[in-house]
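**Q** would you be able to build a 3D model of this:
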Amino acid sequence: MNEIQESIHQFILSEFLPGEDPSELTESTPLITGGILDSISTLKLVNFLEERFNVTIEAHEAGVDNLDSVGQIVRLIEEKKSAA
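**A** Alright, predicted model coming up:
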């Protein structure tokens, strides 16, 4: 796991899946469509991502297309950081 992925993985486990087996949260686990994230927790995740990685996530980016799995989130952050 790279640093970005590890950070996101740990945040999701501690904030939204406390006590769950870390190996159950994979790169492709559905977060929004799987019911792990609702609208409030998605906002909390976006706030964490913006603060932790010093990026801005636009409203149109904060949905199932970019935030439904750890893998999608990592790609979004990597794209944002490389464009900066």
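
**Q** who's in contact with T29?
**A** Residues in contact with T29 (Cβ atoms under 8 Å, 6 or more residues apart in numbering) are I36, S69, V70. To be clear about C-beta, it is placed using only N, CA and C from the backbone, and glycine gets the same treatment.

**Q** out of the residues you listed, give me the one that has the most neighbours.
**A** Using other Cβ atoms under 10 Å as the neighbour criterion, V70 leads those with 22 neighbours.

**Q** distance of the closest residue to it other than its chain neighbours from A83?
**A** Of all residues not flanking V70 in the chain, E27 sits nearest, at 5.0 Å (Cβ to Cβ, 6 or more residues apart in numbering). Per Cβ to Cβ, to the nearest Å, E27 is found 22 Å from A83.

**Q** if you count what's nearby, which of the two comes out ahead?
**A** More crowded of E27 and A83, by other Cβ under 10 Å: E27, with 14 against 7.

**Q** just checking, that one touches I73?
**A** No - when contacts are counted by Cβ atoms under 8 Å, E27 is not listed as touching I73 (9.6 Å).
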